[in-house]
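Engineer: Pasting a predicted model and its sequence here:
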Amino acid sequence: MRRRLSVPVLAAGFGLCAVLMLLMYILFPPSTHVSVLSPLTRRRAGPVPDMFVPIEVVNVESADPTVHLCRVDQRIRTDNPAQYPMFRHLSQAFCTKESNLLTLPVSTLEKMPETAALHGLIFHQSRCGSTLAANMLAADAENLVYSESHAPVAAVLRCPACSDDHRIRVLRAVVHAMGNSLAHQRMFLKLQSKNSPHIALFRKAFPHTPWIFIMRKPAQIFASHKRGGSCLQSLPVGYSARVNELLNGQFTPARACAAHLFELLEQPLKLASEGDKQGMLVDYHNLAPTLLLVFVRHFGYAVSTLARERMQKVAGVYSKTRSDTTKEFHDDSQAKEDSLTPEEKTALSTFVDTAYTNAVQLATAQLEALKKSGNFQDALNPFAHKVSKGDEHVQDYLPYPELKPLRQFLDQWPPDDPDMPSVPGIAEGTLQRFDFSDEKQREQAALLRLHEVPFMLYNIPTINTVVDRWTHEYLAQKFGPSRRRVHMSSSNHFMYYNAHKARQFSGYRRPTKVVQMSYSEWLKKAKETLGASNVDSEHYYFQMDDRVDKWIAEDLNIFKPKEGFFIVEPSQNRGINCRFGSRGIIAECHYDGGRNFVAMLKGAKRYILMPPEECDLLYLYNRDHPEARHSAVDLSQVDWTTYPRLNRVRAAQVVVREGEVLYIPSYWFHYIISTGISAQCNSRSGLAARGRDYVAACGFY
């Protein structure tokens with residue numbers, strides 16, 4: 001029988017409020033515009049319709065504050081983020097229609113299912129490039145980016161007499177609801193500058209979320225603040241207690257503005273100086289290149305090539321153009337400094353210049369550490385793969401391959417359906433493909449092999465010849481009429497098991513059995529699976545190797561045990577293994593120790609790959625179990641509540657087609673689905689050191 005995990009039955013109904021909201025959702029559905037850069041995921045909908053997000057919080061002091069929500073489709077920001085640089089501009093575009101508005105208590109927001117997870121917080125000193133940072137992040141269609149939304153401010157500042165616990169509860173509920181967009185994978189918040197003195201409260205609310213504080217030379221900020229009049233116009237209504245304390249009764253506009261700039265810098269500098277590992281100070285100088293590094297290594301997500309190109313384009317235009325055309329950015333920093341009066345320069349020197357100098361020194365040290373250290377970035381980015389420092393030709397960091405939530409791949413293309421859906425990006429996959437016959441591309445692929453990360457190859461002369469040669473008639477003739485060991489499963493799922501451990505494991509039920517078939521008999525059975533979905537019918541896996549059939553090694557001479565591109569350690573080569581599968585067969589999620597080149601010679605297979613870092617999230621059977629190294633979860637029908645760690649798993653995906661070769665490094669987990677009748681042969685050669693520590697921490701080796 002096929003293993004089936006229990007799926008909880010959803011509770012029926014959410015009360016009258018939910019019924020009314022559902023009616024609103026039907027009558028006023030979300031925009032049908034879907035960016036091809038950001039296909040919808042299938043995250044479960046909850047009591048709040050998609051894209052309804054908080055815009056205001058009132059009665060913060062009450063036990064259950066009231067939250068006003070609006071349906072805001074942030075996908076319109078992707079093509080030109082500078083057209084909607086602030087969240088208020090999006091609110092103006094969407095929140096004037098009554099049908100787009102909704103009011104709910106905080107307690108309802110707390111019951112919402114998973115939303116786009118908070119991935120990073122951006123604090124700033126004002127007029128220092130924070131909007132550029134938000135716009136660059138928004139250029140990635142998978143990012144949900146809030147630039148100075150009022151709702152978090154209300155949760156933190158609206159009730160100064162409220163306890164920290166109460167404000168944190170409201171803040172968490174509001175931010176959780178702000179992620180209510182099925183079109184996005186991760187969320188970033190750029191806060192107003194007036195939140196910077198309250199950064200400690202945000203750290204208590206989100207202790208594991210990376211944050212940055214963007215700052216700038218105080219004279220340049222001061223000059224920006226006083227444009228069009230007095231610098232006092234930039235200060236919050238009524239000076240804070242901290243500013244009044246700093247002024248000590250000696251008020252002038254220049255002193256008040258300088259004290260305010262110190263107040264914005266004081267708490268972020270304090271946290272960073274005390275060693276807050278989640279925090280980083282970022283200076284305005286050379287901001288755009290620094291931000292790209294910060295996004296990848298500090299915020300911890302793999303920026304795709306397309307997203308990087310879009311970010312670089314955004315970095316070259318004025319961040320607040322507010323039009324559908326772009327305006328080139330021109331730096332006027334020196335002109336701003338030259339515009340200050342002696343009195344204003346003295347005020348800055350009195351209150352903030354020294355603190356800024358100290359902050360720049362710390363920011364410089366943090367940036368250098370980020371460039372050089374693998375440990376710091378790995379703590380924040382579990383899929384930022386480490387590489388060996390022993391080889392001078394290997395860079396210290398390689399943000400490849402692009403990894404996405406495993407759940408996204410499973411939802412977009414359910415494993416039990418072998419037919420590829422029409423979802424943008426699936427056909428291309430997330431791995432690099434290289435033309436093996438092109439010397440330059442072959443060298444690039446060799447570098448990735450050195451890094452021990454997966455990639456694809458095509459146009460390999462030997463493989464092209466074998467693809468043409470290995471017709472079913474040729475294979476039937478080569479294998480002959482003799483019967484071979486064929487693995488049979490009562491469903492489309494195949495789980496490898498260790499026969500010796502199975503005999504010793506009390507009560508163990510073997511997931512497959514061995515039958516005897518000739519190749520022609522197997523092929524007849526395989527063709528029977530080409531029709532409609534038949535996941536619960538018998539499936540057969542024909543497996544052979546070159547120890548018995550010597551001709552396999554003659555045809556696939558690139559896999560012979562001699563040093564070359566495909567054989568890294570000839571002395572550790574264990575021959576060639578070939579697997580012939582029928583449509584829909586699933587090989588359950590597992591890892592292998594050896595470096596593995598997999599050649600697809602007939603048909604195609606879908607591979608979902610997960611790096612060794614994900615080991616402790618995959619619920620593996622332990623090393624004493626017959627199915628050790630394999631996940632105990634049926635990924636074709638996951639109960640995400642029973643297995644919550646799977647929500648954090650990151651993966652790559654690729655369809656390996658006829659004539660292509662996939663490199664699977666040591667210890668990389670893979671989950672395989674045959675999209676039709678397929679034939680693949682693979683050869684392993686040696687164990688890489690990289691990744692072994694992660695599987696060892698899971699109880700292996």
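Structural biologist: Everything's here; your move. Numbers count the residues shown, from 1 in each chain.
Engineer: Give me the neighbour count for residue 538.
Structural biologist: By other CB atoms under 10 Å, the residues close to residue 538 number 15. C-betas here are computed from N, CA, C, even on glycine.
Engineer: Which residues are in contact with it?
Structural biologist: Going by CB atoms under 8 Å, 6 or more residues apart in numbering, residue 538 touches 488-490, 525.
Engineer: Can you tell me which of those residues end up in strands?
Structural biologist: 488-489 (DSSP state E).
Engineer: For ChimeraX, write a command that selects the buried ones of the contacts of residue 538.
Structural biologist: Selection of buried members from those for ChimeraX, criterion 16 or more other CB atoms under 10 Å:
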select :489,525
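Engineer: Need the max-distance pair from the contacts of residue 538.
Structural biologist: 490 and 525 (13.5 Å; CB to CB).
Engineer: three-state assignment of residue 700?
Structural biologist: coil (DSSP: H, G, I helix; E, B strand; the rest coil).
Engineer: scratch that, residue 457
Structural biologist: strand.
Engineer: how close does it get to residue 434?
Structural biologist: Remark: distance between residue 457 and residue 434 (CB to CB, to the nearest Å) = 6 Å.
Engineer: shared neighbours of these two, anything?
Structural biologist: Here residue 457 and residue 434 have residue 445 as joint contacts, going by CB under 8 Å, 6+ apart.
Engineer: Which stretches in the stretch 501-650 of the chain count as strands?
Structural biologist: Assigned by DSSP state E, counting those that start in this stretch, the strands in the stretch 501-650 of the chain fall at 513-517, 539-545, 573-581, 586-591, 594-602, 604-610, 650-657.
Engineer: same question, the stretch 251-400 of the chain
Structural biologist: All strands of the stretch 251-400 of the chain, identified by DSSP E, counting those that start in this stretch, fall at 279-283.
Engineer: Show me the shaky parts of it.
Structural biologist: For the stretch 251-400 of the chain, applying pLDDT under 70 flags the ranges 304-306, 317-331, 372-399.
Engineer: how about the helices in it?
Structural biologist: Here the stretch 251-400 of the chain has its helices, by DSSP state H, counting those that start in this stretch, at 253-273, 287-293, 305-315, 333-338, 342-351, 353-372, 374-380.
Engineer: what do you get for the stretch 551-700 of the chain?
Structural biologist: Per DSSP H, counting those that start in this stretch, the stretch 551-700 of the chain carries helices over the ranges 551-555, 692-697.
Engineer: quick one: low-confidence ranges for the stretch 1-150 of the chain?
Structural biologist: The stretch 1-150 of the chain contains residues with pLDDT under 70 at 1-46.
Engineer: where do the strands sit along it?
Structural biologist: Going by DSSP E, counting those that start in this stretch, the stretch 1-150 of the chain shows strands at 52-58, 66-71, 101-105, 117-124, 143-147.
Engineer: Please report phi then psi for residue 51.
Structural biologist: Here is the backbone geometry of residue 51 (degrees, to the nearest 10): phi 80, psi 0.
Engineer: Quick check, it in contact with residue 76.
Structural biologist: No - contact criterion CB atoms under 8 Å: residue 51 and residue 76 do not qualify, at 11.4 Å.
Engineer: Which one's more surrounded, those two?
Structural biologist: residue 51 (23 against 17).
Engineer: Quick check: that one vs residue 125, distance?
Structural biologist: Residue 51 is 32 Å from residue 125, by CB to CB.
Engineer: Could you export the strands of the stretch 501-650 of the chain as a markdown table, including mean pLDDT?
Structural biologist: As requested, the strands of the stretch 501-650 of the chain are exported to a markdown table (pLDDT from 0 to 100):
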| stretch | mean pLDDT |
| --- | --- |
| strand 513-517 | 94 |
| strand 539-545 | 92 |
| strand 573-581 | 93 |
| strand 586-591 | 96 |
| strand 594-602 | 96 |
| strand 604-610 | 97 |
| strand 650-657 | 95 |
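Engineer: can you redo these as TSV with mean neighbour count?
Structural biologist: TSV is the format used below for these (neighbours: other CB atoms under 10 Å):
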stretch	mean neighbour count
strand 513-517	13
strand 539-545	21
strand 573-581	21
strand 586-591	23
strand 594-602	22
strand 604-610	22
strand 650-657	22
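Engineer: right, so of those strands, which gets closest to residue 97?
Structural biologist: The closest of the strands of the stretch 501-650 of the chain to residue 97 is strand 650-657. By CB to CB, the value is 37.9 Å.
Engineer: Take the closest one, keep the C-alpha atoms, and write them as PDB.
Structural biologist: What follows is strand 650-657, C-alpha atoms only, in PDB (Å, rounded to 0.1, in the frame of the first residue of the first chain):
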ATOM      1  CA  ARG A 650      14.800  25.600   0.400                       C
ATOM      2  CA  ALA A 651      15.300  23.800  -2.900                       C
ATOM      3  CA  ALA A 652      16.200  24.000  -6.500                       C
ATOM      4  CA  GLN A 653      14.300  22.300  -9.300                       C
ATOM      5  CA  VAL A 654      15.100  21.200 -12.800                       C
ATOM      6  CA  VAL A 655      13.700  18.900 -15.500                       C
ATOM      7  CA  VAL A 656      16.500  16.700 -16.900                       C
ATOM      8  CA  ARG A 657      15.700  15.900 -20.500                       C
END
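Engineer: State the paired neighbours of it in the sheet, together with their directions.
Structural biologist: Looking at strand 650-657 with DSSP bridges, its partner strands are strand 404-405 (antiparallel), strand 604-610 (antiparallel).
Engineer: Can you lay out the ones you listed as a markdown table showing distance to residue 463?
Structural biologist: Output for the strands paired with strand 650-657, formatted as a markdown table (distance: least, CB to CB, whole Å):
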| stretch | distance to residue 463 |
| --- | --- |
| strand 404-405 | 28 |
| strand 604-610 | 14 |
